[in-house]
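**Q** Provided below for reference: sequence and predicted model.
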Amino acid sequence: MNKKSVRDVEVAGKRVFVRVDFNVPLQDGKITDDTRIRETLPTIQYLIEKGAKVILASHLGRPKGQVVEELRLTPAAERLAELLGKPVRKADEATGSAVQALISDMQNGDVLVLENVRFYPGEEKNDPELAKAFAELADLYVNDAFGAAHRAHASTEGIAHHLPAVSGLLMEKELSTLGKALSNPEHPFTAIVGGAKVKDKIGVIENLLNIADNILIGGGLSYTFLKAQGHEIGKSLVDNEKLDLALEFINKAKEKNVKFYLPTDIVVTDDFSADANTQIVGIDGIPADWEGIDIGPKTRETYADVIKNSKLVVWNGPMGVFEIEPFSHGTRAVAQACAETSAYTVLGGGDSAAAAEKFGLAKEMDHISTGGGASLEFMEGKALPGVVALNDK
Ligand SMILES: Nc1ncnc2c1ncn2[C@@H]1O[C@H](COP(=O)(O)OP(=O)(O)O)[C@@H](O)[C@H]1O
Ligand SMILES: O=C(OP(=O)(O)O)[C@H](O)COP(=O)(O)O
C-alpha cells in the first residue's frame, strides 16, 4: 500500500485519534458478535505499547445526527476493556470541553472511547467544522475503520485534512488481503450479495457484472429484483426507486453471459418473530400480507452447487434474517457451502461475519473482512475515501 501506516510515524506521548469500526450487532443492549472489536486490537495494543494516548472514535448504527440512547458506545467500550485487560474510559460526547478535559487527564498508554460520532449531524455530511473539532482533540489521525472506509464522513475523511493521517494495522491487512485475492481473480468467480442495505448494495452489482461469472442474490435484496420482474412480493423489503436498475442488471447479465441467480423459492412469514407462521413458496406464491424472510430449500441447493464449483467466492450480506433461528437456514446453507468448497472464500460485513461466527463456521472461511459495503466497493476498484485521504508514503 502506498499510504503511511501507524508503524511509519512517531506515536509516543502523542494524542492519537483512531477511527475504528465498532458498529457491532447488538441485541437488548448486549453485543452479539465482537469480531470488529477484536480485529482492532493489534492497532490499539501497538499504540498502548508505544506509549500513545489512544482516543477511539466510531459510529454505531444509523442514529441520523441525534442522540439515540440504545446506540451509545458504552457496551463496546466495556467489551474493549475486557479484551485489553485494562480500564477504558468512555466519554458521553465526541467533541467539546468535557472531552478535552478527559483527554488532558490521559497518561501515555491510556485508552478513551468517544461517544457515537453519528450523534452529530455533521458526521455524515462531512462537515468541515466537525472534522476540525475532532482534529483539535489529537496530534495524529489513524484510520483503522476499514468497514467505514467507503464513507466520506467527518471522522473517516474530513479529519484527515487537518492532522497527519495514517492507516491502522487492520486497514493495512484488509487492503492487502483483499487486494491479493482480487487483483487477478481466479475463475469461476462467484459473488454473493444479500442483506438489508438495498440502496447501498444494488449499485455494486453493476460492477460485479464486469468481473464475476456468477452472481447469487439473496436476503432483503432479492425482492427488489423479483418485484422488478413483476412478481408479487407482499410486505418484503424493497427499494421501489431501484426497480428499473434491477431490471437493467438482469438484462446486462444476459448480454455479458454472467449467470445471475435469484431465489426460486422463499420462506415467507406473517410476522417478524420466531413463533410466527411460515411457509415455503415459489416466487409467485408470496401472499400479499406476508414477507420474504429467507431463501427456500431449492435455492439453497442451487446456490451451494454454484459455490462448490467456484474457484473464488466473495460473499456479503446474509440470505435471510439469520438472527431468528427459523429464518437462518438459508444463510447457514450458504455458509456451509463456503466452508466445504475448495474455492478461496472471502466473507465481508458485520452481520455476515456474525452469522458465520454464530454457525461456528468463521474459521472455515479464507478471509473474513470487517467491511461489507467497503469490501464490495474495493472489489469494484472504487477508491475508498477513507483511504484516499491518508498521507502517501
Ligand atoms: N429477507 C430479509 N428481509 C429483511 N431483512 C433481511 C432479510 N434478509 C436478511 N436481512 C437482514 O439483513 C441484515 C444484514 O444486512 P447488511 O447490513 O446489508 O449486511 P452486512 O452487515 O453483512 O454487510 C441482517 O440483520 C438480516 O437480518
Ligand atoms: O456495518 C457497516 O457496513 P456493512 O453492513 O456493509 O458491513 C459499516 O459499519 C458501515 O456502516 P454504514 O453502512 O451504516 O455506513
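**A** Good, I have the coordinates. Ligands and ions are numbered 1, 2, ... in the order given.

**Q** and residue 242, helix, strand or coil?
**A** Using DSSP: H, G, I helix; E, B strand; the rest coil, the structure places residue 242 in helix.

**Q** got a list of contacts for the one helix or strand residue 224 maps to?
**A** Element membership for residue 224 (DSSP states H and E) is helix 222-228. Helix 222-228 is contacted from outside by 194, 198, 202, 217, 233, 236-240, 242-244, 246-247, 249-250, 262-263, 266, 283, 292, 295, using CB atoms under 8 Å, 6 or more residues apart in numbering. Just so you know, the C-beta spots here come from the backbone N, C-alpha and C atoms, and that holds for glycine as well.

**Q** tell me the spacing between residue 198 and residue 17.
**A** To residue 17, residue 198 is 33 Å away according to CB to CB, to the nearest Å.

**Q** who has more neighbours out of the two?
**A** Neighbours were counted for residue 198 and for residue 17 using other CB atoms under 10 Å; residue 17 has more, 26 against 21.

**Q** need the phi and psi values for the more buried one.
**A** Note on residue 17: backbone dihedrals following degrees, to the nearest 10 are phi -90, psi 110.

**Q** same question for residue 141.
**A** Dihedral angles of residue 141 (phi, psi; degrees, to the nearest 10) stand at phi -110, psi 130.

**Q** go on, the one 4 residues further on?
**A** Main-chain dihedrals, residue 145, degrees, to the nearest 10: phi -90, psi 70.

**Q** dump the residue contacts of it.
**A** So residue 145 contacts 19, 20, 21, 58, 156, 171, 386 (CB under 8 Å, 6+ apart).

**Q** ok so, going back, buried subset of the contacts of helix 222-228?
**A** 194, 198, 202, 217, 233, 236-239, 242, 246-247, 249, 262-263, 266, 283, 292, 295 (16 or more other CB atoms under 10 Å).

**Q** so where's the protein uncertain?
**A** Under the criterion pLDDT under 70, no range of the chain is flagged.

**Q** taking it, what residue is nearest to ligand 2?
**A** Nearest residue of the chain to ligand 2: residue 372, at 2.7 Å (CB to the nearest ligand atom).

**Q** contacting residues for the closest residue in space to that residue that isn't next to it in sequence?
**A** In this structure, residue 372 finds its nearest non-sequential neighbour in residue 349, 2.5 Å apart by CB to CB, 6 or more residues apart in numbering. Contacts for residue 349 were tallied using CB under 8 Å, 6+ apart; they are 195, 316, 317, 369, 371, 372, 373, 375.

**Q** of these, which is the nearest to residue 142?
**A** Taking CB to CB as the measure, residue 371 is the one of the contacts of residue 349 closest to residue 142, at 16.7 Å.

**Q** which element is that closest one on?
**A** Counting by DSSP H and E, residue 371 is part of no helix or strand.

**Q** got a list of what it touches?
**A** 21, 146, 147, 148, 149, 150, 174, 348, 349, 378.

**Q** which non-adjacent residue is nearest it?
**A** residue 147 (4.1 Å).

**Q** and the residue of the stretch 201-350 of the chain closest to ligand 1?
**A** residue 349 (2.4 Å).

**Q** the stretch 101-250 of the chain now?
**A** For the stretch 101-250 of the chain, CB to the nearest ligand atom, closest residue to ligand 1: residue 195, 2.5 Å.

**Q** can I assume that residue is in contact with residue 220?
**A** Yes - at 6.3 Å, residue 195 counts as touching residue 220 under the criterion of CB atoms under 8 Å.

**Q** in helices only, show me the buried ones among the contacts of helix 222-228.
**A** 198, 202, 246, 247, 249 (DSSP state H).

**Q** among those, which two are most distant?
**A** Greatest spatial distance among those (CB to CB): 198 and 247, at 14.7 Å.

**Q** I figured residue 100 hits residue 134, correct?
**A** No - counting by CB under 8 Å, residue 100 does not reach residue 134; the two are 11.8 Å apart.

**Q** give me the more crowded residue out of the two.
**A** A count of neighbours by other CB under 10 Å puts residue 134 above the other of residue 100 and residue 134, at 28 against 12.

**Q** what residues does the stretch 251-393 of the chain put near ligand 2?
**A** Counting by CB under 6 Å from any ligand atom, the stretch 251-393 of the chain comes close to ligand 2 at 349, 350, 371, 372, 373.

**Q** cutoff 8 Å now
**A** Residues of the stretch 251-393 of the chain lying close to ligand 2 by CB under 8 Å from any ligand atom are 316-317, 348-352, 370-376.

**Q** narrow these to those in helices?
**A** Mapping these onto helices (DSSP H) picks out 350, 351, 352, 373, 374, 375, 376.

**Q** ok so, going back, which residues touch the residue of the stretch 101-250 of the chain closest to ligand 1?
**A** Shown in contact with residue 195 (CB under 8 Å, 6+ apart): 201, 219, 220, 221, 316, 317, 318, 349, 351, 352, 372.

**Q** how near is it to residue 289?
**A** 24 Å.

**Q** equivalent analysis for residue 128, please.
**A** According to CB to CB, residue 128 and residue 289 sit 48 Å apart.

**Q** the two: who's more crowded?
**A** Legend: neighbour count by other CB under 10 Å for residue 128 and residue 289, higher for residue 128 (14 against 8).

**Q** could you check the distance from the closest residue to the more buried one other than its chain neighbours over to residue 143?
**A** Among residues not flanking residue 128 along the chain, residue 158 sits closest, at 6.0 Å (CB to CB, 6+ apart). Going from residue 158 to residue 143 by CB to CB gives 12 Å.
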